[in-house]
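Visitor: can't give you the sequence, but here's the structure:
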């Protein structure tokens, strides 16, 4: 198995983050976790990242912009390294870690991706990853016009025949 083309991260980089769980820095079929497991986790975490990028309005998924891809590679590497530590009984997903617990790894990873996107979404967009706005996203209203005079709303309560009783009187 190999890491998918739509994924971020690299098994060798993850091995460098958790060397004691590798064979001289390399995941193999005999390490815990195995290379196949690490590659599967990379694809799974990357899929979550891609889905949440798309949900946040980014249309260029998977991301190929160089700086953003490096950041996403690093993010996925860190998440998968934490999973590798957890299956070996250490790190934030291990039995004594402060993350995970009753919430589970999945929920923590989703939360981590949400935090990542909340922190970097504007920067990702400014680096050129396409994030088109919805046609109706910019609709709003103004209380005053260019001259500083009050404006009347386009739609008013009684315009559609609905009447409201003032329950306080």
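Guide: Arrived safely, thanks for sending. This structure is a prediction, so every number in the text was calculated from the model and none was measured.
Visitor: Distance from the lowest-mean-pLDDT helix or strand in the chain to the middle of the chain?
Guide: Ranked by mean pLDDT, DSSP states H and E, the weakest helix or strand in the chain is helix 104-126, scoring a mean of 94. Here the centre of helix 104-126 is set off from its chain's centre by 3 Å, with CA atoms, centre = their mean, to the nearest Å.
Visitor: And that helix, what's buried?
Guide: 105, 108-109, 112-113, 116-117, 121, 124 (16 or more other CB atoms under 10 Å). For glycine as for every other residue, the C-beta is placed from the backbone atoms N, C-alpha and C.
Visitor: How about the residue sitting nearest the centre point of the chain: what's its closest non-neighbour residue?
Guide: Centrality entry for the chain: nearest residue to the mean C-alpha point is residue 113, 3.1 Å, by CA atoms, centre = their mean. Nearest residue to residue 113, sequence neighbours excluded (CB to CB, 6 or more residues apart in numbering): residue 52, at 5.0 Å.
Visitor: hang on, the earlier thing: for the residue nearest to the centre of the chain, give me its contacts.
Guide: 48-49, 52, 75 (CB atoms under 8 Å, 6 or more residues apart in numbering).
Visitor: let's go with 7 Å and repeat that
Guide: Remark: with contacts taken as CB atoms under 7 Å, 6 or more residues apart in numbering, residue 113 is in contact with 48-49, 52.
Visitor: mind checking how far it is from residue 76?
Guide: As judged by CB to CB, to the nearest Å, residue 113 and residue 76 stand 10 Å apart.
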